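Student: The following block contains a protein sequence and its predicted model.
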There are 2 protein chains.
Amino acid sequence: MAPVKVFGSAVFANAARVLACLEEVGVEYEVEEVDYMAKEHKAPRRLARNPFGQIPAFQDGNIMLFESRAIAKYVLRKYSKQQAAQHQLQVVDLLREGNPEEAAAVDAWTEVEAHTYLPAIAPIVYECVVYPARLGIPPNLAVVEESLEKLSKVLAVYEAHLAKSDYLAGDFFSFADLNHFPYTFYFMTTPHASLLESYPSVKAWWGRLMARPSVRKIADGMVLRGQ
Amino acid sequence: MAPVKVFGSAVFANAARVLACLEEVGVEYEVEEVDYMAKEHKAPRRLARNPFGQIPAFQDGNIMLFESRAIAKYVLRKYSKQQAAQHQLQVVDLLREGNPEEAAAVDAWTEVEAHTYLPAIAPIVYECVVYPARLGIPPNLAVVEESLEKLSKVLAVYEAHLAKSDYLAGDFFSFADLNHFPYTFYFMTTPHASLLESYPSVKAWWGRLMARPSVRKIADGMVLRGQ
């Protein structure tokens, strides 16, 4: 039996974040599908797990968790060293909590993803990928245009930053980079993916992210496609 | 000379978060005012510190940081044990990173604050406190009404949760609670503060937060008042 269970498959961007972390540390896990269209995540038995009715929720024995970034950090903290010791592998240290300065850089760019990058890219993903696939409605082009403009400004700052180091928090892959994967992946299935051509350092960084085996594996389950 | 410097005073909600953490661990610090109305946070020398031009930024020797939650965690990680040892006090452990389960509860409710609580309460604070004080314009009542409705739903979940434990992550004060202080403080200066009367466990929790000496001290510098 898998030790941990994720409620929500990789098709949900926030579940993909958790699943990629589980792959990074090499924990066995089980995925329980949540029927989004039937609003199953709002059903009483789900709300007992996640009072805000979001996807994903997570179970590890008696521990029930919600909020994808919190779940992901729990997985990284609890299982990185344990799995490395068990399989005699190098520890996957994506949080760097042993070093306050590195941890702060990881945290800062994790916050940037949540509060600056996501508000710019997510509306494009909803309009061009999620709504067409799930609701059969075409993109609202005004929303897309406005968000592309916002995203361009954000990417200009990323470009200057990533010209100086291979990854966001320094010259090491971290939780900050990984957090960018799910929404960027869906964005790259839209006709607007070419925006990245104007930001060569960002594009090279994205190539490094997509080369991670954990990311590649989870991306295979992200079956929505943009239009 | 104070070892650390915060760029932005307590009047800025996100700076107040950082300052309350500095008070919690008892680090000496200096505050450098940022002239918001003159857009000083967008000036080149500020952008060198914080590429997204937000308030606050932070300096600790050669280390420059941005993103208030990342700065706050850095302060807690680096200085909690150090200050406690130096002054023979109990360690202020607001992150609980030594215990994956407790840390996950702290993280989950920290994320809830950022992604669910804040989007409901912040528009009310902007409309009723920030815009009138800074721009001299009256509240947009439609925005306020809509946000009060959202906030009521969020508070209903908090009420059920806080009926079971004194604080959000369990029976201990944590970073998750502290993060709620700045925006809730400003909200409580508005005519809508009475909303909390309908949520007795939330109200009692807010009373416990406001009884923290760190919070009281920083609140004294939050001089904007709602209308």
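Tutor: Happy to help now that I have it. Not measured: the values here are computed from a predicted model. Residues are numbered from 1 along each chain as shown, chains lettered A, B, ... in the order given.

Student: Which is the succeeding secondary structure element to the worst-scoring helix or strand of chain A on mean pLDDT?
Tutor: Counting by mean pLDDT, DSSP states H and E, chain A has its least confident helix or strand at helix A:44-47, which shows a mean of 76. Going down the chain from helix A:44-47, the next helix or strand is strand A:57-60, by DSSP states H and E.

Student: Please see if that following strand touches chain B.
Tutor: No - interface with chain B: strand A:57-60 contributes nothing (Cβ under 8 Å from any Cβ of the partner chain), its closest point being 8.8 Å away. Backbone N, C-alpha and C define where each C-beta goes, glycine included.

Student: and that strand, what other elements does it pack with?
Tutor: Contact analysis of strand A:57-60 by 3 or more Cβ pairs under 8 Å, 6 or more residues apart in numbering or on different chains; DSSP states H and E lists strand A:4-7, strand A:63-66, helix A:68-87 as its packing neighbours.

Student: who's in contact with the last one?
Tutor: With contact meaning Cβ atoms under 8 Å, 6 or more residues apart in numbering or on different chains, helix A:68-87 is reached by A:4, A:6, A:14-15, A:17-18, A:21-22, A:24-27, A:56, A:58, A:60, A:65, A:89-95, A:97, A:110, A:114, A:175, A:178-179, B:97, B:100-101, B:103-104, B:107-108, B:110-111.

Student: Just the ones of those residues in strands?
Tutor: In this view, the contacts of helix A:68-87 that belong to strands under DSSP state E are A:4, A:6, A:58, A:60, A:65.

Student: who touches the residue nearest to A:Ala72 when sequence neighbours are not counted in this structure?
Tutor: Sequence neighbours aside, A:Cys21 is the residue nearest to A:Ala72 in space, at 4.3 Å (criterion: Cβ to Cβ, 6 or more residues apart in numbering or on different chains). Neighbouring residues of A:Cys21 by Cβ under 8 Å, 6+ apart: A:72, A:75-76, A:94, A:175, A:178, A:214.

Student: Kindly recompute the last result at 7 Å.
Tutor: Applying Cβ atoms under 7 Å, 6 or more residues apart in numbering or on different chains, we find A:Cys21 in contact with A:72, A:75-76, A:178.

Student: And the longest helix belonging to chain A, what's buried?
Tutor: Secondary structure of chain A per DSSP state H: the longest helix is helix A:141-162. Judged by neighbour count (16 or more other Cβ atoms under 10 Å in any protein chain shown), helix A:141-162 contains these buried residues: A:144, A:147, A:150-151, A:154-155, A:157-159, A:161-162.

Student: With stretch A:125-133 instead?
Tutor: Buried positions in stretch A:125-133, judged by neighbour count with 16+ other Cβ under 10 Å: A:125-133.

Student: Check stretch A:24-36 too.
Tutor: A:24-27, A:29, A:31, A:34, A:36.

Student: what two of those have the greatest distance between them?
Tutor: Farthest apart among the buried residues of stretch A:24-36 by Cβ to Cβ are A:Gly26 and A:Tyr36. That separation is 28.3 Å.

Student: How about the residues of chain A by chain B?
Tutor: Residues of chain A lying close to chain B (Cβ under 7 Å from any Cβ of the partner chain) are A:51-52, A:63, A:65-67, A:69-70, A:73-74, A:77-78, A:97, A:100-101, A:103-104, A:107-108, A:111-112, A:114, A:116, A:157, A:161.

Student: Selection in PyMOL covering whichever of those residues are buried, please.
Tutor: To isolate the buried ones among the residues of chain A next to chain B in PyMOL, judged by 16+ other Cβ under 10 Å, type:
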select buried, chain A and resi 51+52+65+66+67+69+70+73+74+77+78+97+100+101+103+104+107+108+111+112+114+116+157+161
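
Student: Narrow the buried residues of stretch A:125-133 to those in helices?
Tutor: A:125, A:131-133.

Student: could I get the buried residues of stretch A:24-36 as CSV with distance to B:Glu40 and pLDDT?
Tutor: Formatted as CSV, these follow (distance: Cβ to Cβ, whole Å; pLDDT from 0 to 100):
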residue, distance to B:Glu40, pLDDT
A:Glu24, 41, 95
A:Val25, 44, 94
A:Gly26, 48, 92
A:Val27, 47, 92
A:Tyr29, 48, 96
A:Val31, 49, 96
A:Val34, 47, 85
A:Tyr36, 45, 74
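
Student: I'd like to know which of the residues you listed is nearest to B:Ser201.
Tutor: Nearest to B:Ser201 among the buried residues of stretch A:24-36, with distances taken as Cβ to Cβ, is A:Val34, at 29.3 Å.

Student: show me what contacts the closest one?
Tutor: Contacts for A:Val34 (Cβ under 7 Å, 6+ apart) come out as A:7-8, A:40-41, A:55.

Student: on that earlier part again, show residues contacting the longest helix of chain A.
Tutor: A:116-117, A:120-121, A:123-124, A:127-128, A:192, A:195, A:199, A:201-202, A:205, B:51-52.

Student: Please, which helix or strand holds the spatially closest residue to A:Glu24 that is not a sequence neighbour?
Tutor: Distances taken as Cβ to Cβ, 6+ apart place A:Ser214 nearest to A:Glu24, at 4.6 Å, with adjacent residues excluded. Element membership of A:Ser214, judged by DSSP H and E, is helix A:213-219.

Student: Domain-wise, how is chain A divided?
Tutor: A:4-87, A:100-218 (automatic domain parsing).

Student: Next, the distance between the ends of the first one.
Tutor: The first residue of domain A:4-87 is 18 Å away from its last residue (Cα to Cα, to the nearest Å).

Student: how far does that domain sit from the chain's center?
Tutor: 12 Å (Cα atoms, centre = their mean, to the nearest Å).

Student: cool, and the last one?
Tutor: Between the centre of domain A:100-218 and the centre of its host chain there is 9 Å, according to Cα atoms, centre = their mean.

Student: From one end of it to the other, what's the distance?
Tutor: Here the two ends of domain A:100-218 are set 30 Å apart, with distance taken as Cα to Cα.

Student: At the geometric centre of chain A, which residue sits there?
Tutor: In chain A, the centroid-proximal residue (Cα atoms, centre = their mean) is A:Arg17; its distance is 3.4 Å.

Student: what's the burial count for the residue lying closest to that one once chain neighbours are set aside?
Tutor: Of all residues not flanking A:Arg17 in the chain, A:Ser68 sits nearest, at 4.9 Å (Cβ to Cβ, 6+ apart). Per other Cβ atoms under 10 Å in any protein chain shown, the neighbour tally for A:Ser68 reads 29.

Student: try the one 3 residues further on
Tutor: The burial count assigned to A:Ile71 is 28, neighbours taken as other Cβ under 10 Å.

Student: who's sitting farthest from the centroid in chain A?
Tutor: Each residue of chain A has a distance to the centre, and by Cα atoms, centre = their mean the biggest one is for A:Gln88: 27.2 Å.
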